[in-house]
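> Here's a sequence, model it:
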Amino acid sequence: MEENVKVPFWKPALIYGAILGFVGILVGVLFYFLNLTTQTWAGYVSIAITIAVMAYCLVAYRKEYMGGYASFGQVFLMALVIGIIATILSAIYTYLMYAVIDPGLSEKMQLMAEERIINNPRIPESMHGDLLERMEGRFTPGRMIRTALIWGSIGNAIIGLILAAFIKKNKPENPVA
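Okay, the predicted model is just below:
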């Protein structure tokens with residue numbers, strides 16, 4: 001006879017989402033103070049840290065709340081909610097960073113992007129004007145928050161799918177005696 005035990009979902013999701021969100025914010029603040037915000041490799045480091053922290057949180061969820069076993073769907077759903085909570089926290093941080101703490105940072109980001117377009121030998125000069133024109137307005141705090149919410153959720157969902165495939169652990173089937 002199997003017992004149906006109600007496993008908590010929202011409490012660990014909020015806890016692990018806050019952990020992932022605050023670690024991401026901490027990394028962002030660290031990169032800001034080290035003046036690395038505009039460096040491409042800093043984004044890759046942030047993604048690697050996100051993957052590591054989310055993996056830790058999902059394994060901890062499986063062990064602490066699921067009795068050591070969780071299906072792919074359970075792990076993925078938890079990853080999705082953790083990612084959404086972390087993305088919301090990140091969007092709040094993004095707004096504060098670009099609208100309150102350092103309003104000039106968005107202009108710095110736009111100048112960096114323009115410089116990369118102009119210095120890219122694979123982009124013909126005839127396209128520079130069109131690309132720069134399309135880029136206008138993309139570095140406002142509101143636009144950056146919308147982008148962070150959309151792409152952060154999508155990115156965390158993809159990371160969650162991949163991690164769920166590795167972290168899932170199904171209960172062994174009991175043979176009938």
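> Please tell me how far Phe22 sits from Tyr93.
Distance, Phe22 to Tyr93, by CB to CB, to the nearest Å: 9 Å. (Glycine included, C-beta is placed from N, CA and C.)
> which of those two has more neighbours?
Of the pair Phe22 and Tyr93, Tyr93 is the one with more neighbours under other CB atoms under 10 Å, namely 20 against 15.
> Spatially nearest residue to that one, not counting backbone neighbours?
Ile25 (4.6 Å; CB to CB, 6 or more residues apart in numbering).
> how many neighbours does that neighbour have?
If you count neighbours by other CB under 10 Å, Ile25 ends up with 18.
> And it, how far from Gly129?
Distance, Ile25 to Gly129, by CB to CB: 37 Å.
> From the chain's centroid, how far away is the lowest-mean-pLDDT helix or strand in the chain?
Taking mean pLDDT, DSSP states H and E as the measure, the chain has helix 125-135 as its least confident helix or strand, at a mean of 78. Taking the mean of its C-alpha atoms, helix 125-135 sits 29 Å from the chain's own mean (CA atoms, centre = their mean, to the nearest Å).
> Tell me which residues are up against it.
With CB atoms under 8 Å, 6 or more residues apart in numbering as the test, helix 125-135 has contacts from 110, 113-114, 117-118, 123.
> what do you get for stretch 9-25?
Stretch 9-25 is touched from outside by 46, 49-50, 53-54, 57-58, 60-61, 64-65, 78, 81-90, 93, with contacts defined as CB under 8 Å, 6+ apart.
> Name only those of the residues you listed that count as buried.
With burial judged by 16 or more other CB atoms under 10 Å, the buried subset of the contacts of stretch 9-25 is 46, 50, 53-54, 57-58, 61, 65, 78, 81-90, 93.
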